[in-house]
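[1] compute the structure for the input listed below.
(one chain, ligands or ions: 2)
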Amino acid sequence: MDVSRLLDQLNDKQRDAVAAPASDMLILAGAGSGKTRVLVHRIAWLMEVEGIAPYGILAVTFTNKAAKEMRGRIEQLQGSALNSMWIGTFHGIAHRLLRAHHADVGLPQNFTILDSDDQYRLVRRVLKSLNLDEKHWAPKHVQWYINGNKDEGLRPQHIETHGDATQQKMREIYQTYQQTCDRAGLVDFAELLLRAHELWLNNPSVLEHYQKRFRTILVDEFQDTNNIQYAWLRILAAPSNNMIIVGDDDQSIYGWRGANVENIQHFLRDFKGAKTIRLEQNYRSTGNILKAANAVIDNNQGRLGKKLWTEDSPGELISLYAGFNELDEARFNIARIKEWRDNGNALSDCAILYRNNAQSRVLEEALLQESIAYRIYGGLRFFERQEIRDALGYLRLINQTIDDAAFERIVNTPTRGLGDKTLSQIRELARESELSMWDASSRILAENRLTGRASNALSSFTKLITQLTQDAAALPLEQHADYVIKHSGLFAMYKAEKGEKAQARIENLEELVTACKQFVVPEEADNMTPMSAFLAHASLEAGDNQADKHQDAVQMMTIHTAKGLEFPLVFMAGVEEGMFPSQMSNEEPGKIEEERRLCYVGMTRAMQKLYITYAENRRVYGQDKYHTPSRFIKEIPTDCIEEVRLRTTISRPVQNRFTPVTGHTAFESTGFQLGERVSHPKFSEGTVLNYEGSGEHARVQINFDEFGSKWLVMSFAKLTKV
Ligand code: ATP
Ligand code: MG
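    Ligands and ions are numbered 1, 2, ... in the order given. Predicted coordinates:
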């Protein structure tokens, strides 16, 4: 047997790990040292040399994208498809288990996954039903409380309140929330993990089956597992099984979501005799990038400590750019991307990373202006767009009438004159009688409890759903979706709206039908109807079905989403105090260090070239804020980084600095410059922020001191310099 290809492209330490005799193992190493590569090769090795069937292997990764990549890489090494191997995220695997064993954990067969937006709405509804004021019981906080407890494996009855009234109330909210979910067959993300854990605890024979099956368990990005995930793994990994975990304490960035980096120590405690392997050579980044990233992370305390070196040359310096404002920053970045593309490089080799999702909008607009294709991972994904959620609401309710979240979403969309009062009545009855809102509606109608108008409105809704259910039942998935979208009134509603946005919504709805058409029911979902499988897919895999999947496009995502990935060219945007590290991290102990790890993750995504940019002025929540460069920038050794200066003078107005980038001479011929102070007869004084077009047709964006930002047509605006 020739297994040399499994070992060829590995260094000695990586080889040790890949070809080690069966044992528990910890691979602890810094970014880009080949941890994920070792996992992939180890899996291939186990199958080929140890003769373990793909069926006997469980591999857990952090994102769907990473799981797909891992499967692809193993299949490439093996030269064959590996359908029976379980590779997925914790949530994906938990979901699969619960589908197969729903009865064992007390779930209906067609249970629905509640994503975090659904959960938020449901929490608000629960607060309302308990007559609690959102001002005192912030729904986001309640959501955090519920998920936090679930992540620790705690049901309401496990929570100690020590007689504290607030704590007791929180527990009560959690309890009511959970009852509502249970009644409606709804499962939130944290619940997936908790139930999967309870499946092990309460069903020894099921557990035993999987313990016998999964002889080897491999986990990538282990530093970001939370307590319930670790507990779940630990039970599954019976003494005769092997667990191989891979991680980097410096890349632990989900502490805010309950991840516990100490799980690495717990692993060493629980799996005595586990072999620890450290990898020290980085194969990803140039010398300068690596040196800079190492220097930044060195400012954290209590690290497990790792050396990381590269054979690679120092490469280019990191470039730092201080934008006058976020528009200037975006324009600078996009100009660099254009150069990159014009030099014959692929857009998909280039990533823009940012701290918060909201930062993407300005960057998106700049990309659109230059007609550069881009793709966003995370954030506003296809399945999260309003019109898609509406359509999914119909499909979900038809699929399962007990889905209260879906009921709430669409009962009055399009509007059919159902008032808040009627809805409260339905909620009330549902809660009191432990009915779904759908059943409560039927009862209210049957008992004639409503006024004529309200009754008509509600019964038109129930008739519509009943009719749609009948008509669509026998149709194949794609036609089913198409029928429901067209006959629910959604299509007509969005069609009636004017403008580009409405047009985009219509296109999205059409794309949903395409998504149904392209959907292949996965093997593990063969006991589900295609529609149930599709709806589960929509909740779990949001974002993977964007229209421009195959197009060469700039990759945009938050730094969190970029974990484990790599790109030749990387931009980190918005690296200023108050943004990154975030304002909030200043107030909580330990948070700055987590932000610094995030910075380390961001920097180490870059292979050849890294740009770090920030904006001196940024509009945040509609207010202009003056920002200083992030402390992390100051932690980078000066010999690794150079500041790009496009301006000839430091003082404003910032003439010239834009000229080399986008050639704004046409605008400057109007006599105004970006950053300049101007006065308007009606809006008084403001600052020139942006422009489009040229000469007479130019439009100019001014941030007025009193009236905020406005776009004006240059030739009508009667602007004067201040
Ligand atoms: P991260 O911590 O960011 O997840 P990682 O440790 O998982 O990083 P990989 O993604 O596995 O690192 O590897 C980083 C890059 O280095 C990849 O492009 C990989 O193919 C390459 N690489 C890893 N090991 C070697 C090797 N021995 N020879 C050549 N290239 C390697
Ligand atoms: Mg990795």
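[2] residues from the stretch 251-400 of the chain in reach of ligand 1?
    Selection of the stretch 251-400 of the chain residues close to ligand 1 by C-beta under 6 Å from any ligand atom yields 251, 283-284. (Glycine included, C-beta is placed from N, CA and C.)
[3] among the residues you listed, who's most crowded?
    When neighbours are counted by other C-beta atoms under 10 Å, residue 251 leads these with 22 neighbours.
[4] am I right that that residue is in contact with residue 599?
    No: using C-beta atoms under 8 Å, residue 251 is not in contact with residue 599, being 10.9 Å away.
[5] closest to ligand 2 among the residues of the stretch 251-400 of the chain next to ligand 1?
    residue 251 (8.7 Å; C-beta to the ion).
[6] what are the neighbouring residues in contact with the closest one?
    31, 221, 223-224, 563, 597, 600-601 (C-beta atoms under 8 Å, 6 or more residues apart in numbering).
[7] run through the stretch 451-600 of the chain and note the low-pLDDT ranges.
    Confidence mapping of the stretch 451-600 of the chain against pLDDT under 70 gives the ranges 499-501, 504, 541-550.
[8] what residues does this protein have near ligand 1?
    Contact residues, the chain versus ligand 1 (C-beta under 6 Å from any ligand atom): 9-11, 14, 29, 31-37, 248, 251, 283-284, 564, 566, 604.
[9] apart from its chain neighbours, what residue comes closest to the residue in the stretch 51-200 of the chain that ligand 2 sits nearest to?
    Ranked by C-beta to the ion, the top residue of the stretch 51-200 of the chain for proximity to ligand 2 is residue 66, at 7.7 Å. Spatial nearest neighbour of residue 66, chain neighbours left out: residue 564 (5.2 Å); criterion: C-beta to C-beta, 6 or more residues apart in numbering.
[10] try residue 671
    Closest to residue 671 by C-beta to C-beta, 6+ apart is residue 721, at 7.8 Å.
[11] look up how far ligand 2 lies from that neighbour.
    54 Å (C-beta to the ion, to the nearest Å).
[12] residue contacts, that residue?
    Taking C-beta under 8 Å, 6+ apart, we find residue 721 in contact with 671-672, 676-679.
[13] need phi/psi at it.
    Dihedral pair for residue 721: phi -70, psi 150, per degrees, to the nearest 10.
[14] for it, give the beta-bridge partners.
    residue 678 (DSSP bridges).
[15] would TSV of the contacts of residue 251 with secondary structure and neighbour count be doable?
    Below are the contacts of residue 251 laid out as TSV (DSSP: H, G, I helix; E, B strand; the rest coil; neighbours: other C-beta atoms under 10 Å):
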residue	secondary structure	neighbour count
31	coil	25
221	coil	24
223	helix	25
224	helix	24
563	coil	23
597	helix	24
600	helix	26
601	helix	24
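[16] so residue 703 belongs to a strand, correct?
    Yes: Residue 703 forms part of a strand when assessed by DSSP: H, G, I helix; E, B strand; the rest coil.
[17] returning to that earlier point: give me the buried subset of the residues of the chain next to ligand 1.
    Using 16 or more other C-beta atoms under 10 Å as the burial test, these include 10, 14, 29, 31-37, 248, 251, 283-284, 564, 566, 604 as buried.
[18] can you narrow the residues you listed to ones near ligand 2?
    Contacts with ligand 2 within those, counted by C-beta under 5 Å from the ion: 35-36, 564.
[19] quick check, nearest of these to ligand 2?
    For those, the nearest to ligand 2 is residue 36 (3.3 Å; C-beta to the ion).
[20] phi, psi of the closest one?
    Residue 36 adopts backbone torsions of phi -70, psi -40, taken as degrees, to the nearest 10.
[21] so what does the spatially closest residue to it that is not a sequence neighbour look like in phi/psi?
    Of all residues not flanking residue 36 in the chain, residue 220 sits nearest, at 5.7 Å (C-beta to C-beta, 6+ apart). Main-chain dihedrals, residue 220, degrees, to the nearest 10: phi -90, psi 160.
[22] give me the sheet partners of the longest strand along the chain and which way each runs.
    Longest strand in the chain, counting residues (DSSP state E): strand 606-620. Take DSSP bridges as the rule and strand 606-620 pairs in its sheet with strand 318-325 (parallel), strand 567-572 (parallel), strand 623-626 (antiparallel).
[23] right, and the helix or strand after the last one?
    If I follow you right, that is strand 623-626. Of the helices and strands lying after strand 623-626 in sequence (DSSP states H and E), the nearest is helix 631-634.
[24] so how far is that following helix from its chain's centroid?
    26 Å (C-alpha atoms, centre = their mean, to the nearest Å).
[25] need phi/psi at the closest residue to residue 216 other than its chain neighbours.
    Once flanking residues are discounted, residue 216 sits nearest to residue 242: 4.9 Å by C-beta to C-beta, 6+ apart. Here is the backbone geometry of residue 242 (degrees, to the nearest 10): phi -120, psi 140.
[26] I figured residue 242 was touching residue 21, is that so?
    No: taking contacts as C-beta under 8 Å, residue 242 lies outside contact range of residue 21: 9.9 Å.
[27] the residue of the stretch 51-200 of the chain closest to ligand 2 and residue 277: what is the separation?
    Distance of residue 66 to residue 277, given as C-beta to C-beta, to the nearest Å: 21 Å.
[28] just checking, next helix/strand downstream of whichever helix or strand residue 277 is part of?
    Assigned by DSSP H and E, residue 277 falls within strand 275-279. Downstream of strand 275-279, the first helix or strand assigned by DSSP H and E is helix 287-297.
[29] quick check, residue 87 in a strand?
    Yes: counting by three-state DSSP, residue 87 is part of a strand.
[30] does the closest residue to it other than its chain neighbours count as helix, strand or coil?
    Once flanking residues are discounted, residue 87 sits nearest to residue 59: 4.4 Å by C-beta to C-beta, 6+ apart. Three-state assignment for residue 59 (three-state DSSP): strand.
[31] picking up where we left off before, got a list of what the residue of the stretch 51-200 of the chain closest to ligand 2 touches?
    36, 220-221, 564-565.
[32] quick one: buried residues of whatever helix or strand it lives in?
    If you go by DSSP H and E, residue 66 is part of helix 64-78. Buried residues in helix 64-78, counted by 16+ other C-beta under 10 Å: 64-67, 69-71, 73-74, 77-78.
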